[in-house]
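Trainee: please work out how this folds:
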Amino acid sequence: MARFKAGDAVRVRRLYPPGHVRTPFYARGKRGTIERVCGVFNNPEHLAYGRPDDPKTLYRVRFPQSEFWPPESSHDTVDIEIYEHWLEPA
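Mentor: Predicted coordinates for the structure are as follows:
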């Protein structure tokens, strides 16, 4: 069952594990809002190393562009699909 729902405020966890990860470095620590629940998929971080399936919920998270670039871009947004284990409530 999904931990978050559309409209929930979240923050991308500041994790720095070695190896293959699917969460962009530049998004770590940033705040956004769940735009939608995309579904449950096998964890690509485990699949990359041939580990057993570890299904995770995938979300589309919408960030104000000002989280990444100067305030004058505050009307635009950036959408990133991020797995649940990388997210925490904001």
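Trainee: same question for stretch 80-90, mean pLDDT?
Mentor: For stretch 80-90, the mean per-residue pLDDT is 97.
Trainee: now do it: everything it contacts.
Mentor: Residues from elsewhere that reach stretch 80-90, judged by CB atoms under 8 Å, 6 or more residues apart in numbering: 2-4, 8-13, 15, 22-24, 27, 31-32, 38, 43, 45, 56-61, 63. The way it works is simple: take the backbone N, C-alpha and C, and place the C-beta from them, glycine included.
Trainee: so the residue nearest to Val61 when sequence neighbours are not counted is in which element?
Mentor: Computed as CB to CB, 6 or more residues apart in numbering, the closest residue to Val61 that is not its neighbour in sequence is Gly32, at 4.3 Å. Per DSSP states H and E, Gly32 falls inside strand 31-41.
Trainee: can you tell me the helix or strand for the residue most central in space within the chain?
Mentor: Per CA atoms, centre = their mean, the C-alpha nearest to the average position across the chain is that of Ile82, at 2.7 Å. Assigned by DSSP H and E, Ile82 belongs to strand 77-83.
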